[in-house]
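*Asks:* Predicted model follows, preceded by the sequence.
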Amino acid sequence: MEEEAKRQLTIDLYDIYGSLLTEKQRTYFEDYYFLDLSLSEMAENYGISRNGVFDQIKRAVSALEEYEMHIHLLDKMKKIGSMEMDSKLKEEILNLLKE
């Protein structure tokens with residue numbers, strides 16, 4: 001999978017399952033993926049090793065992938081998004097899945 005597509009998939013999974021991560025995992029994930037901080041910058045900010053930051057992000061991404069493997073919400077949302085139906089109804093269904 002292309003790097004940018006993988007990154008977008010990871011962010012999509014975070015949008016759905018991010019609230020299930022620990023506060024520390026969410027913080028590291030958001031700093032890395034949304035604030036675009038480097039591992040070195042984060043290590044300095046949090047007073048841990050670069051490898052420690054990498055491990056936290058890796059655990060968070062693994063947890064998100066594990067949730068999707070069992071719950072399949074992103075997969076269901078994509079299928080609904082590709083269905084031909086009234087756009088207002090489609091939006092309502094997708095919003096229900098996000099709740």
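*Replies:* That came in fine, so what should we check first? Because the structure is a prediction, the values reported are computed rather than measured.
*Asks:* alpha carbons only for contacts and neighbour counts from here, please
*Replies:* Will do.
*Asks:* element containing the spatially most central residue of the chain?
*Replies:* Geometric centre of the chain, nearest residue: Y14, 2.0 Å, by CA atoms, centre = their mean. If you go by DSSP states H and E, Y14 is part of helix 3-17.
*Asks:* Going by neighbour count, which residues of that helix are buried?
*Replies:* Neighbour counts over helix 3-17 (16 or more other CA atoms under 10 Å) mark 10-11, 13-14, 16-17 as buried.
*Asks:* Grab the nearest non-local neighbour of the residue nearest to the centre of the chain.
*Replies:* L64 (6.6 Å; CA to CA, 6 or more residues apart in numbering).
*Asks:* hang on, the earlier thing: can you name every helix or strand that the helix holding Y14 contacts?
*Replies:* For helix 3-17, the packing partners by 3 or more CA pairs under 8 Å, 6 or more residues apart in numbering; DSSP states H and E come out as helix 50-71, helix 73-82.
*Asks:* run the last query once more with 10 Å
*Replies:* Helices and strands touching helix 3-17, by 3 or more CA pairs under 10 Å, 6 or more residues apart in numbering; DSSP states H and E, are helix 23-33, helix 50-71, helix 73-82, helix 87-98.
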